[in-house]
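Asks: task: produce atomic coordinates for the following.
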Amino acid sequence: MKRDLAQLSSKPFDLVVVGGGIFGACAAWDAVQRGLTVALIDRSDFGSAASANSFKLIHGGIRYIQHGDVARVRQSANERRTLMRIAPHLVHPLPIVIPTYGRGMKGKSALRVGMGIYDLLTWDRNQGVEDPERHVPSSGILSLNEVLTLFPELNRNELTGAAMFRDGQMYNPPRLVLAFIQKAVGAGAVAANYVEATGFLRKDDRITGVIAHDTLSGANLEIQGRVVLNTTGPYAESLLRRAMSLRLSPPGAYSRDAFFVVPRRLLHDRFALAVQAKTKDPDALVSRGERHLFIVPWRHYTLIGTWHKVHTDDPDAYSVTEGNLQGFFDEINAGYPALRISFDDVSFWNAGLIPFGENPRDAADLRFAHRSRLVDHAETHGLDNLISLIGVRFTTGRCEAAQAVNRVFEKLGIRPPASRTADLPIQGGDFVTWSGLVRRIEGEHGASLGADVVQSLAHNYGSDCGQVCRHMTEHPDLGERLGTSATIKAQVVHAIRSEMAQTLSDIIFRRTDLATGEYPGPVALEQCAEILRSELSLSHEEISRQIDAVTARFPRWALQKAADEAQQCGVAGVPVSPRHAGG
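Replies: Now for the predicted structure:
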């Protein structure tokens, strides 16, 4: 992957995709795989907005049983199976336990019936998945003793046991987005990050391309396209308004979905736990009462969430305040008092905007969005060759992108060839079993790397691991770790040379594991920044600015803790100032 803006402006494309999150990435791969010429741009880094801030779950659709929405159950379970098959290094099964209490809707009998219906509807959940480690078994019921063995501090008042099912979990959402883009580029697409669409090229009542601005160099360019697909998510409507004064009817509603990260395992190494929240689902036909919050093991962290808040302002203006976090703590501690979560426990928070249902501003029980929105602007605004896809769930990005590409073919007057993206492995996914992949990497490089580094490489690069290790073979010092992390210097070099990483944030938040869950420490950050400076010939002033931008992403208390620990170890710490108060 090389960032070559000359390619974007040198020839017309069949399709220009604006927005490089999961929906845009999948659309680019699907379209180029079906024979179209494709350009893909994103105003920031690929997958850096809502996709990067995902709760890491690939939902199999079990909660849609409560809504009686069989179509969504089937779609979600099919996409979970597809991702287990085409991205086995980045998606794996996650057991989730739901405690049962008393009788009625919160009891074992009701959940047993619901789980049984779900198992019947997803009878083909493992079809075509070769690796047994990526199989999703049937759901089950746990006895009182079994659930207390897993979670001994559960509230025992009327506790009768638990139901257990498995969903999918992503190892690294931005790398999953990147893997789709890598496949698209490998098949001939032209992609560039940090290229912002500022307007549309228009001839009469037809869109003929995109006016764009390179946010790194300041250059302006025009990208010719027979069809333009707008996949900018919560930014889609503001782009349409700003560029052409177009408004959707009805306007979209959005939620700031947030969760926080604790830098250790709180409850169990392998099992996630659902606990009762304070709000209800007003759309549920069959309700067990309050919605659930989830306490989820992820790598060596714990994720807790998610919380939803209606957002009606500028899509760039959302945030998570300390007051919000305190409210999150109060609710999760009420649901599971043994946690006693406080600010000192939190290393990071994630938040992103997603489409939502229609809700009054102060509503407590919120309606979620049920469907993504595919808008053909020829039908809504009399403006041909412009399509907007505003996606709801990361899980369904691939199949809904394929539907949008079908519409692109209609615009081009071509009968759509069948999409094959459900069957073709994405970048790094070309292997049979996970354990076999790990053994191969261990045999080739394990002695010099260590087990934790091998696991990280296998997850992030899958069958393409050799491309990273090649740098290490040529320069053995690139096998060194960054600080005490499981990330090695070769990964940074590879991100810059082969994965279009342009900034320090790109590398540590989206190309590697370095800072995806907590502040990596001053040593690792400085080492990574020095490689970036050398590779891209950046000034020391620019590197300092980028280090500041990275540290501003972490809560002030987490930075203070890191500074205190660094001082105790005799290492220069990170200065904590009022600007370092985000997350």
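Asks: where does the prediction get shaky in the stretch 201-350 of the chain?
Replies: When residues are selected by pLDDT under 70, those of the stretch 201-350 of the chain lie in 279-289.
Asks: ok, which stretches of it are strands?
Replies: 206-214, 220-230, 253-262, 272-280, 290-298, 301-311, 348-356 (DSSP state E, counting those that start in this stretch).
Asks: which elements pack onto the helix or strand where residue 533 lies?
Replies: Using DSSP states H and E, residue 533 sits within helix 522-536. Helices and strands touching helix 522-536, as assessed by 3 or more CB pairs under 8 Å, 6 or more residues apart in numbering; DSSP states H and E, comprise helix 489-498, helix 504-505, helix 540-551, helix 556-568. In short, each C-beta sits where N, CA and C put it, glycine included.
Asks: so how far is it off the chain centroid?
Replies: A distance of 25 Å separates the centroid of the chain from that of helix 522-536, by CA atoms, centre = their mean, to the nearest Å.
Asks: what residues sit buried inside that helix?
Replies: Judged by neighbour count (16 or more other CB atoms under 10 Å), helix 522-536 contains these buried residues: 522-529, 531-533.
Asks: between the strands of the stretch 201-350 of the chain, which one is nearest to residue 88?
Replies: Closest to residue 88 of these is strand 290-298 (CB to CB; 17.3 Å).
Asks: adding distance to residue 498 and mean neighbour count, write the strands of the stretch 201-350 of the chain out as JSON lines.
Replies: Listed next are those as JSON lines, based on distance: least, CB to CB, whole Å; neighbours: other CB atoms under 10 Å:
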{"stretch": "strand 206-214", "distance to residue 498": "21", "mean neighbour count": "21"}
{"stretch": "strand 220-230", "distance to residue 498": "23", "mean neighbour count": "22"}
{"stretch": "strand 253-262", "distance to residue 498": "28", "mean neighbour count": "22"}
{"stretch": "strand 272-280", "distance to residue 498": "34", "mean neighbour count": "19"}
{"stretch": "strand 290-298", "distance to residue 498": "26", "mean neighbour count": "21"}
{"stretch": "strand 301-311", "distance to residue 498": "27", "mean neighbour count": "21"}
{"stretch": "strand 348-356", "distance to residue 498": "26", "mean neighbour count": "22"}
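Asks: tabulate the ones you listed (JSON lines), appending distance to residue 386.
Replies: Shown next, in JSON lines, are the strands of the stretch 201-350 of the chain (distance: least, CB to CB, whole Å):
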{"stretch": "strand 206-214", "distance to residue 386": "4"}
{"stretch": "strand 220-230", "distance to residue 386": "5"}
{"stretch": "strand 253-262", "distance to residue 386": "21"}
{"stretch": "strand 272-280", "distance to residue 386": "37"}
{"stretch": "strand 290-298", "distance to residue 386": "37"}
{"stretch": "strand 301-311", "distance to residue 386": "25"}
{"stretch": "strand 348-356", "distance to residue 386": "19"}
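Asks: how about stretch 104-122: buried residues?
Replies: So stretch 104-122, judged by 16+ other CB under 10 Å, has buried residues 105-108, 110-111, 114-115, 118-119, 121-122.
Asks: ok, residues contacting that stretch?
Replies: Stretch 104-122 is touched from outside by 60-62, 65-66, 70, 73-74, 77, 98, 100-101, 103, 136, 138-141, 160-161, 163, 165, 286-289, with contacts defined as CB atoms under 8 Å, 6 or more residues apart in numbering.
Asks: would you mind writing the CA trace of it as CSV?
Replies: Output in CSV follows, covering the C-alpha atoms of stretch 104-122 (Å, rounded to 0.1, in the frame of the first residue of the first chain):
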residue,chain,number,x,y,z
GLY,A,104,-40.5,-15.7,34.8
MET,A,105,-38.6,-13.7,32.1
LYS,A,106,-35.4,-13.5,34.1
GLY,A,107,-35.4,-17.2,34.9
LYS,A,108,-33.8,-20.3,33.3
SER,A,109,-36.9,-21.5,31.5
ALA,A,110,-37.4,-18.3,29.5
LEU,A,111,-33.8,-18.1,28.5
ARG,A,112,-33.7,-21.8,27.6
VAL,A,113,-36.6,-21.2,25.2
GLY,A,114,-35.0,-18.1,23.7
MET,A,115,-31.6,-19.8,23.3
GLY,A,116,-33.3,-22.8,21.7
ILE,A,117,-35.0,-20.6,19.2
TYR,A,118,-31.7,-18.9,18.4
ASP,A,119,-29.9,-22.2,17.9
LEU,A,120,-32.6,-23.3,15.5
LEU,A,121,-32.4,-20.1,13.5
THR,A,122,-28.6,-20.3,13.3
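Asks: domain parsing for the chain?
Replies: 5-50+174-250+371-412, 70-170+253-356, 434-568 (automatic domain parsing).
Asks: the closest residue to residue 501 other than its chain neighbours and residue 488: what is the separation?
Replies: Of all residues not flanking residue 501 in the chain, residue 495 sits nearest, at 3.9 Å (CB to CB, 6 or more residues apart in numbering). Separation of residue 495 from residue 488 (CB to CB, to the nearest Å): 12 Å.
Asks: equivalent analysis for residue 527, please.
Replies: Taking CB to CB, one finds residue 527 at 10 Å from residue 488.
Asks: pull up the pairing partners for whatever helix or strand residue 161 lives in, direction included.
Replies: Using DSSP H and E, residue 161 sits within strand 159-170. In the sheet containing strand 159-170, its partner strands are strand 57-58 (antiparallel), strand 91-101 (antiparallel), strand 140-142 (antiparallel), by DSSP bridges.
Asks: compute the inter-axis angle for the longest one and strand 290-298.
Replies: It stands for strand 91-101. 140 degrees (axes from the mean of the first three to the mean of the last three CA atoms, to 10 degrees).
Asks: now strand 91-101 - C-alpha only, CSV.
Replies: The C-alpha trace of strand 91-101 is given here as CSV (Å, rounded to 0.1, in the frame of the first residue of the first chain):
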residue,chain,number,x,y,z
VAL,A,91,-12.2,-12.8,14.8
HIS,A,92,-12.7,-15.6,17.3
PRO,A,93,-15.6,-17.0,19.5
LEU,A,94,-16.3,-15.4,22.9
PRO,A,95,-18.4,-17.2,25.5
ILE,A,96,-21.0,-14.8,27.2
VAL,A,97,-22.8,-15.7,30.4
ILE,A,98,-26.2,-14.3,31.3
PRO,A,99,-27.2,-15.0,35.0
THR,A,100,-30.7,-16.1,35.6
TYR,A,101,-32.8,-15.1,38.6
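Asks: contact partners of stretch 165-173?
Replies: Contacts of stretch 165-173 (CB under 8 Å, 6+ apart): 22, 47, 51-52, 54, 56-60, 62, 80, 83-84, 89-96, 98, 115, 118, 136-137, 139-140, 176, 296, 298-299, 394-395, 459-460, 513, 516.
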